[in-house]
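Enquirer: next comes the sequence, and after it the predicted model I'd like to discuss.
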Amino acid sequence: MIRLTNISARFVDPMGGEIQALQSVSLQFEPGNFYTIIGPSGSGKTTLLHIIAAILKPSSGDIHVGDVELGKLNEGRRDAWRRQNCGLIFQDFRLIDELGPLANVLVPSWFTSMVTKPAMRSRAEALLSHFKVPSRSGPVAALSRGQQQRIAMARALLLEPEIILADEPTASVDKANAELIIEEMHNLARQRKTVICVSHDERVARRADHVFEIEDGRLVRDRDEAAPRVATEGVSS
Amino acid sequence: MNPWPIVLAALKRYRYTVLAFVVLIVAGTALSVAIISQERALRSGSAQAAEKFDVVVAPVASKTDALLTSVYLQPGSSRLLSPEMTTRVLNDERAAFASPLAFGDSYRRAPLVGATAPLVTHLSNSVLPEGRVFEKMTEAVIGSAVDLELGDTFSPSHGTHEGADLDHAEGHDVEITIVGRMAPTGSPWDRAIVVPVELVWDTHGLLHDHDEDEAAAATVAADDHEHEGHHHDGHEHADHPIGGPYLAGETPGIPAAVLKAGTVADAYRLRQDYNTDESMAFFPAEVLIQLYQTLGDVRQLMTVMALVTQALVMLSIVASVLILFRLLLPQFVTLRAIGAPKLYIFFIAWGFVAVLFTAGVAIGLGAGYLLSRGLSAIIQQQIGIALTPSIGQQEMLLALSIWVLGLVIALLPAWHLQRRPLAEAMKAY
C-alpha cells in the first residue's frame, strides 16, 4: 500500500520565485487497483507521480510504501527502490531509438547485470509477444507510435514491478492503441498490481477503479468512479 | 552492469561526429608515434651507414660537414687537405688501409666517388656479390641500387648528381666500364659509382700536371655548382697504375680520407695524431652522437608538444562530447527514471569517450607506423640512407600515455553528467 500524508512540493522557478506544486495532499493507493489522477496542465499531477516514484522528495509530508518511508531514503537507495518496485511509462515512450524492441525491453536488466540471463530474455520476448511486437525487428525508431508505446510498457513490466506508474500513456497513440494500453493497465490491476496513471484522457478515467482530481496542487475531488472490471488475460508477472 | 549496448547506440546515433573525433585522435597519435619511430629509424639507419668508416680525416672545418660529405656523400665544403698531409695520411702504416675520397662528377644523378679497392671491398663486406673490384683506372664498381649492369660503359659528367642536367651535362672524355656491384650498405654509397681515385684526379688534371694542381683543386671538391670542366684529350687513362703508392709531389690534395684502423688503440692514435692545425680526424660515431643529441632534444620537445597538443585535442573533444551529451540528456534522464543508478550513467558517458579514445589511439598507432614507413621511403629516396622504422617500446609507451590520458579526461563528462539531480533533470526533460 502506498500512503501519502500531507505531501507538499515546492520549487524555485527560474526567476527566483517559489512554485507550490502540491499542497498537503493525502492519498492512499491499494494493490489491485487502477487509479487515475486527472487535472489541468500544471496542476501538479506529474509532480505527484514523481513523488510516488521516489524521483522527487516531497518538501514536507510523508510517503510510505509498505514499511518503507521514501522520504528518508537517499538518492541511490531511492533509485534501487524504484528499480525494484516501479515500472514507469511515459507519454513520449522514451525508448532508445537505435536499439531494437528486444534490447529496449531488456534495458532495465542491464542496470544490475553484465550478462543478460536467458530467463530475462525469455520474459522480454514473452512480453513483446503479448504486446504483439516482433522482438527481432530493426531499430524502434522505425516502428509505429503504438508499437513504441507497447514496447515501453513491456520495458516497464520486465522486472515484475508491483507498482505501475504511467504519465499520459495514451496521449501520443491512436485510438486502437490507447484502448489496448488502457485495457492492459486494467488487467495489471487485476493481477494485484498498483496502477497509477496521470492522464487527461477521459477513456482512462472511465476505466479506472478510482479517479483523483487535482487542481492548483490540491486534491479537489475523489471521483471514485469505479469502472466495470473486465476479466481479460493480462501479463503474468 | 552493462552500459555497452547504450554506448554503442549512442556511437551509432552520432556516427559522423564520432568519426570526426576518432580521425582527430588518430592524426594526433599517428604524428606523435611517427616522430619517435622516425627519429629512431634515422638514428639507427645513419649509424649503420657509418659503422664501416673507422676514422675520417679531413681539413679543419665542420666535422658534421665532413661526415656528411665522406659517409653520406652530400655536397659539402670545397676545402682540401694539403698534398703533404694527404700523402702522410694515405701512407700511414698504422692503418689497415687508408682510402682517399674524391668527388665532383656524376653519371645520371649517381655521384662518382673516387676511392680505392680496399675501401670498396670493406664496404661490401669483403666480397662483391657481382663482379670484382676495379683493377684499372677506367673501371668502376657500382652501388647496389645503381640502375646499371656489369659491362655497361659510360662517360661521367662534371658536377655532382644534385641538380645535374642529364641532357646537357658537360662530359669527360673517358669511357668507364662497370666491373662489379657492391653489396647493399644501407647508405648513399648504394647509389654511388665508385671509381679509382686516380681517375678523378686525372679527369680533373691533377694526376701528373703538378702546375695545375692548385687551380684544379677546387673542382675536385664536393660543391661544384660553378664547375668548369677540364678535358684531357688523348690521355691514356687506362694505363695509369691505381691504388698507390701515393708519392709526395705526385699526390694532390683530397677533401677527405677514410682510415681503417688495425686495432681500437690504433684508431684512437690515428684520431689523435691527425687532429692538427691543418687537419681534423674523428670517429663518425662521435659526430653522430652529437647530432643524435640535438635530434633527441628536438624529438623530446616534439614529443612533449605532441602530448600537449593531444591533451588539448582530447579536452576539446570532451567539451564537444559534453555538448553532444546534452542531446542525449533526455535518454540519460529516462534511464535514471526507470531505475538506472548514477554509476550506470557514469559508465555510459565514460564508455562513450573511452571508445573514441581507444579506437583513435589504436588506429593512430598503426597509422603512425605507416606514416613512419612512408617518411622513411621519402627520406631513403632523398638521402639514400636505408631506414627501417618499427614500433618500439617508446612508441607503445607514448600511445599508452595518450590512451590513459584520454581515459582520465573521459572521466570529466562522465562525472559531470551523473551528478545532475534526477528530479531537476526530470523537470527539464
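Expert: Yes, it's here. Residues are numbered from 1 along each chain as shown, chains lettered A, B, ... in the order given.
Enquirer: once you drop chain neighbours, what's closest to the closest residue to chain A within the stretch 201-350 of chain B?
Expert: Closest to chain A within the stretch 201-350 of chain B is B:Gly339: 2.8 Å, counting by Cβ to the nearest Cβ. Placement of C-beta: from N, CA and C, glycine included. Nearest residue to B:Gly339, sequence neighbours excluded (Cβ to Cβ, 6 or more residues apart in numbering or on different chains): A:Arg83, at 2.8 Å.
Enquirer: what sits against B:Met305?
Expert: Under the criterion of Cβ atoms under 8 Å, 6 or more residues apart in numbering or on different chains, B:Met305 has no neighbours.
Enquirer: repeat for the one 3 residues further on
Expert: By Cβ under 8 Å, 6+ apart, B:Val308 lies in contact with nothing.
Enquirer: mind checking the SS state of it?
Expert: Taking DSSP: H, G, I helix; E, B strand; the rest coil as the rule, one finds B:Val308 in the helix state.
Enquirer: then B:Leu112?
Expert: Applying three-state DSSP: B:Leu112 is strand.
Enquirer: try B:Gln272
Expert: In three-state terms, and counting by three-state DSSP, B:Gln272 is helix.
Enquirer: for the stretch 201-350 of chain B, what spans make up the helices?
Expert: For the stretch 201-350 of chain B, the helices defined by DSSP state H, counting those that start in this stretch cover B:213-220, B:264-273, B:284-337, B:342-383.
Enquirer: pLDDT of the longest one, averaged?
Expert: Regarding helix B:284-337, the rounded mean pLDDT is 81.
Enquirer: what angle do that helix and helix B:342-383 make?
Expert: Relative orientation of helix B:284-337 and helix B:342-383, computed by axes from the mean of the first three to the mean of the last three Cα atoms, to 10 degrees: 150 degrees.
Enquirer: stretch A:17-34 near chain B anywhere?
Expert: No: Stretch A:17-34 is not in contact with chain B by Cβ under 8 Å from any Cβ of the partner chain; minimum separation 9.8 Å.
Enquirer: list the residues that contact B:Phe97.
Expert: B:Thr116, B:Pro118, B:Leu119, B:His122, B:Leu259, B:Lys260.
Enquirer: report the backbone C-alpha coordinates of the helix or strand where it lies in PDB.
Expert: Following DSSP states H and E, one finds B:Phe97 within strand B:95-107. This file holds the C-alpha atoms of strand B:95-107, laid out as PDB (Å, rounded to 0.1, in the frame of the first residue of the first chain):
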ATOM      1  CA  ALA B  95      96.000   1.900 -40.800                       C
ATOM      2  CA  ALA B  96      95.000  -1.400 -42.400                       C
ATOM      3  CA  PHE B  97      94.100   0.800 -45.300                       C
ATOM      4  CA  ALA B  98      93.700   4.500 -46.000                       C
ATOM      5  CA  SER B  99      91.500   5.400 -48.800                       C
ATOM      6  CA  PRO B 100      91.300   8.900 -50.300                       C
ATOM      7  CA  LEU B 101      87.900  10.200 -51.300                       C
ATOM      8  CA  ALA B 102      87.400  12.500 -54.200                       C
ATOM      9  CA  PHE B 103      84.200  13.800 -55.600                       C
ATOM     10  CA  GLY B 104      83.000  16.100 -58.300                       C
ATOM     11  CA  ASP B 105      81.500  14.100 -61.100                       C
ATOM     12  CA  SER B 106      78.400  12.100 -61.700                       C
ATOM     13  CA  TYR B 107      76.600   9.900 -64.100                       C
END
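Enquirer: what comes up buried for that strand?
Expert: B:Ala95, B:Phe97, B:Ala98, B:Ser99, B:Pro100, B:Leu101, B:Ala102, B:Phe103, B:Gly104, B:Asp105, B:Ser106, B:Tyr107 (16 or more other Cβ atoms under 10 Å in any protein chain shown).
Enquirer: I'd like these as JSON lines, with pLDDT appended.
Expert: Shown next, in JSON lines, are the buried residues of strand B:95-107 (pLDDT from 0 to 100):
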{"residue": "B:Ala95", "pLDDT": "88"}
{"residue": "B:Phe97", "pLDDT": "90"}
{"residue": "B:Ala98", "pLDDT": "91"}
{"residue": "B:Ser99", "pLDDT": "93"}
{"residue": "B:Pro100", "pLDDT": "92"}
{"residue": "B:Leu101", "pLDDT": "91"}
{"residue": "B:Ala102", "pLDDT": "89"}
{"residue": "B:Phe103", "pLDDT": "86"}
{"residue": "B:Gly104", "pLDDT": "78"}
{"residue": "B:Asp105", "pLDDT": "82"}
{"residue": "B:Ser106", "pLDDT": "85"}
{"residue": "B:Tyr107", "pLDDT": "88"}
